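K.L.:
Based on what follows, work out the 3D shape:
(chains A, B and C)
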Amino acid sequence: MSTPLLSIADYSIAYGTVEAVHDIALNIGDSEIVTVIGANGAGKSTLLNALMGVLPAAGQVRFAGDDIARLEVEQRVELGMCLVPEKRELFASMTVEDNLLLGGYRVSADRRRRGMDDVFRRFPRLNERRRQLAGTLSGGERQMLAMGRALMSSPRLLMLDEPSLGLAPKIVAEIFRIITELRDSGVSILLVEQNARAALRIADRAYMMELGLFTLEGRAGDLIGDARIAESYLGISE
Amino acid sequence: MRAHRGILLFALALAVLPIIPGLPPFWITLLNNIGLASLVAIGLVLLTGVSGMTSFGQATFCGFGAYTTAVLTTTYGLSPWISLPIALLVTGLAAVALGLVTVRLSGHFLPLGTIAWGISLYFLFGKIELLGRHDGVSGIPPLSIGSQSLIDPKAMYWVIWTCVLLAGIGTSNLLSSRIGRAIRALRTGGVAAESFGVNRTSMKLIVFVYAALLAGLSGWLYAHLQRSVNPTPFGLGAGIEYLLMATLGGAGHVWGALIGAGLVTLLKDALQRILPALFGNDVQADPIVFGILLVAALHFAREGLWSRLAALFPSVTPATPSLEVFPLPHRVIEKTEHASLLSIESASKRFGGIIAVNDVSFSVEPQQIMALIGPNGAGKSTLFNLITGVLTLTSGTIRFVNESIGNHAPPDIAQRGIARTFQHVKLVPDMSVLDNVALGAHLRGRSSVVASVLHLDRTEEARLLAEASRQIARVGLSEHMHKPAGSLPLGQQRIVEIARALCLDPRLLLLDEPAAGLRQLEKRSLADLLRQLRAEGMTLLLVEHDMSFVMKLADQIVVLDLGGKIAQDTPAAIKTNPAVLAAYLGTEP
Amino acid sequence: MDGLILLFLLQDGLTNGAIYALLGFALVLVFAVTRIIFIPQGEFVAYGGLTFALLSIGKIPSTIWLLLVFGIASCVIQLWRTRYLLTLRSFIREIAGGIALPLAVFFLIRMLARPDQSAWLNFLLTLAIVVPMGPYLYRIAFQPLANASVLTLLIAAVGVHLSMVGLGLVFFGPEGLRAPTLTDISFTLGKLPFTGQTIAVYAVTLALTGGLYLFFDRTLRGKALRATAANRLGARLVGISVAGSGQIAFALSSFLGAISGILIMPVTTVYYDTGFLIGLKGFVAAIFGALASYPITAVAAIAVGIIEAFASFHASSYKEVIVFMLIVPVLLWRSLYAPQIEEDE
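P.N.:
This is a model prediction of the structure:
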């Protein structure tokens, strides 16, 4: 197997007084969707934020073979990592167009222009709303804008934190369709979801997280019917 | 008792100092200045370090004290001893007037407010004819006792340092009382204190006036030491210096104020003597150095010097409270016909266009463990905040023992016997477990500020601490009683919160995600504790997202999703409820 | 009061208000981007004004030494902070920005300082000295505290204010200075005279307001600053360096401060500590705008200028008392509006 795009090992994240993630390992290859599922509070969001450099972490983390443990968020963006956080973190007081422009802050003007065309092709709704302030968008449009803004940086690894949260099923289906399209166009995806059934349906591989540990991992298709997932979510075991 | 011995030794050293033969008189002057600054800094430690209200305006209150006595003793020829209470009264009234506005300022607006009135009043001192405009007032008489004039700085030394020691002891007394615990909870846990019946605004005002009075006293002493006053020492620059003293000494430590005051005063003196010799006469480098010091202290020593010094000495374990005291009375419970302890009727909450809680109804029966669960964003926390009075209802009713409690303030809800814990633990981290728990019994004591300062509250205090100690034993944390609450692992901190809630003598215990962040073993012992409480007659309502924890513990479960109630049943039935499964696991797109 | 006096007072208030508006803009900008309530804003006014005054009598302002010290200190701190990530390129960039730039300014000033030097060149030289101090200051005093609370940052800002006033006394001495006007044009409109300086104040304020608007609305950098203000985490996630935004905000702050200083020199005698009071009036305006709104700040600044003008006419000795007491009710109003926050560290 060639060098994975992202690989972490002995990875731990302390959050205040609590160690939220303990000694985990994970690999993501090129053009694959890897999902991390688990109940609320398992440590999934914490993991994504640490990988992006927003939270401090201990352990090894390599991106395309390079050690990135000490890099700042903006340096990770430059390398091709991008996070769409759970709360979207849009620039609410700015227009859709400006939000997208800033998504391409680290790329050349030329790439920015082409990126914008590409985003508008994938999300025609954003094109209709390009002059509107981001704060006035609906939940689904916000998620599209957040993803569009992330795509503007031409990421090699796109990390999505709960993209389905609070969205109507129809919009969730659309978002998930776009995620698979992105994978097919060569972007690797790390998808964190509470909506386990939907995530497993589109993912190639999956990890299940419980209390900061990976307790299950395997091909997504094999895990869909696994009873242990329902147990983890509803606490039926023991 | 060791602490008392330390103060005694310090007092003795102070008493001996001026008697040392050959001591340069200049040292006495410096020590007097340190004493005057210490008084202000002690107040500021209470105000800024302990209660979290940063003030740049303390020098203004020195001005009120100094100018009052200056005018009364010169223009009106009053005796300084008569002008003392008047000076304190004027300072106190000014503090109440400024404080009523200032303590309502939130966050960083508060220090900005102190800067604004600090500068304004500084200019005012320099403009008023009665106060001698920029020249100030001179010819102020020295203090005298009988026919003995205290004109000699050495004589003033005794007066000043007696005041400093008394202020230090009184402030320490205040901090180790029921009111002191409430004050100490203001900075980190204002919300928590409020939910145990502390009125935050009035508590802040008390602290503000107290600090101002110490500054006023310092101003009064200053006027009679210098025998003249002008606006300069009461400006913003001086206010910043006082803040530097409190910060350097150790923001939360009463005696650290003396160290800060000493350091800054000595440094200022050294700078004023050395630098002009090096650079010529015009250079006043002390502000430059003080500014840099203040920034450096924020970068490198946020805790201040006192805690570093204190770390050098072996720590003293305080005495464990004796249980041989008359116990606090318990809540009188009237028998009611209706069985429900708490009932939620069609409760709704909107934030702007978003409906966080939508027409939810359920009731909690006595001696029951009821759990409120639901996925992220289901509205659990909002509902919890509605019950505890943190948020107000948009529509609907909440009844507790048949009385409507919707939209009542948290202290009122605590008064009725609802105690709570917090999702993000809200303990005062540097306060002992015992004191943190005793805060829960705030409403069960009465002692005033004055009684606390004079330690006249000891009988009541012993009863409060005994109750706290009893509740700590009840939850099984007796061995950790004297540790700072922040040093315990999260699991035990949550238990401390439960003990604090029990100290209220509640009829209903509300737990906000008690199992979050706990390890398996800790969860098991938490569950045992909660079952034990139920067996002892307590009623519990908990919001939780750890399903296995809830399933094994609760008698009844209410499931919320997207703001609405989707199910209410026993744990066994909830597990197989298809609506619940869909809410948790999601549906396939 | 007759109509002419009224007009005079209005004109005076408007002129001062324009200056307060510039300072208010700087305060809003710095707060929005860095969360720092920048109390020392006024010090740039004094530094700018006094440096300009010294240059216009042909003296070499000793602020060039301060610039050198600031530059070297910020360079050393930055190199130490990034020691694990240092590349040759970033090393050269640090040396160029922290040492070569102030040295170049240093020698340029020594070459060009002459009593008969044109006012406009002195204007540019003043900017060259004072403007870089902003970003240096940010890197020395504030960048290490970037994650601290607003309150901690405020205390640090007060510390910086104290030091900068002290340094001002060391570098400029206790005497006040004035400087010649930038232009000598003057005319009267009806009975109301307009001096070149008044016109310059209006023109510069309008031009800068327009310039800032274009910068924030049209350039990617300007938008990045707005993005940092709107959502810091969001800004970091798209690759905007929050520290970089902070430096730009501080550069604009020292730029606006220095220009304000140069503009007031011909009409006011400026002492080393005058800037603080002027800055605070910009502050009153910025607080009106909740440290967030540029238009409200501008209107409030004009209002402060006019209130001050009338106050100095009717109760001249209580002018400052009135202006600063104005802040307290505004703060209260803002506090009641702002959502209640837990005052944790």
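K.L.:
ranges for the strands of chain C?
P.N.:
Using DSSP state E, the strands of chain C run over C:186-189, C:192-195.
K.L.:
Which single residue in the stretch 1-150 of chain C comes nearest to chain B?
P.N.:
C:Val150 (4.4 Å; Cβ to the nearest Cβ). Every residue, glycine included, has its C-beta placed from N, CA and C.
K.L.:
Compare the strands of chain C and give me the one nearest B:Trp255.
P.N.:
For B:Trp255, the closest of the strands of chain C is strand C:192-195, at 60.0 Å, according to Cβ to Cβ.
K.L.:
ok, residues contacting that closest one?
P.N.:
C:Leu4, C:Leu7, C:Phe8, C:Gln11, C:Thr181, C:Ser186, C:Phe187, C:Thr188 (Cβ atoms under 8 Å, 6 or more residues apart in numbering or on different chains).
K.L.:
sorry, back to before: what's the pLDDT at the nearest residue to the residue of the stretch 1-150 of chain C closest to chain B once chain neighbours are set aside?
P.N.:
Computed as Cβ to Cβ, 6 or more residues apart in numbering or on different chains, the closest residue to C:Val150 that is not its neighbour in sequence is B:His108, at 4.4 Å. Here the pLDDT value assigned to B:His108 is 81.
K.L.:
quick one: B:Glu365 and B:Ser343 touch, right?
P.N.:
No: taking contacts as Cβ atoms under 8 Å, B:Glu365 lies outside contact range of B:Ser343: 9.7 Å.
K.L.:
picking that back up, to C:Ala113, which of the strands of chain C lies closest?
P.N.:
strand C:192-195 (26.8 Å).
K.L.:
what about the strands in the stretch 401-550 of chain B?
P.N.:
B:403-404, B:418-420, B:508-512, B:539-543 (DSSP state E, counting those that start in this stretch).
K.L.:
Take those strands and lay them out in a markdown table including mean pLDDT and distance to B:Thr247.
P.N.:
As requested, the strands of the stretch 401-550 of chain B are exported to a markdown table (pLDDT from 0 to 100; distance: least, Cβ to Cβ, whole Å):
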| stretch | mean pLDDT | distance to B:Thr247 |
| --- | --- | --- |
| strand B:403-404 | 88 | 47 |
| strand B:418-420 | 93 | 34 |
| strand B:508-512 | 93 | 34 |
| strand B:539-543 | 93 | 39 |
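K.L.:
Highest mean neighbour count out of those strands?
P.N.:
strand B:418-420 (a mean of 27; mean count of other Cβ atoms under 10 Å in any protein chain shown).
K.L.:
helices or strands next to it in the packing?
P.N.:
With contacts taken as 3 or more Cβ pairs under 8 Å, 6 or more residues apart in numbering or on different chains; DSSP states H and E, strand B:418-420 sits against helix B:490-503, strand B:508-512.
K.L.:
Is the last one in proximity to chain C?
P.N.:
The one in question is strand B:508-512. No: using Cβ under 8 Å from any Cβ of the partner chain, strand B:508-512 stays clear of chain C, coming no nearer than 15.0 Å.
K.L.:
Just confirm yes or no for that strand near chain A.
P.N.:
No: judged by Cβ under 8 Å from any Cβ, strand B:508-512 makes no contact with chain A; its nearest approach is 13.4 Å.
K.L.:
Outside of that strand itself, which residues are in contact with it?
P.N.:
B:341-342, B:364, B:381, B:384, B:387-388, B:400, B:417-423, B:498, B:501-502, B:530, B:533, B:538-544.
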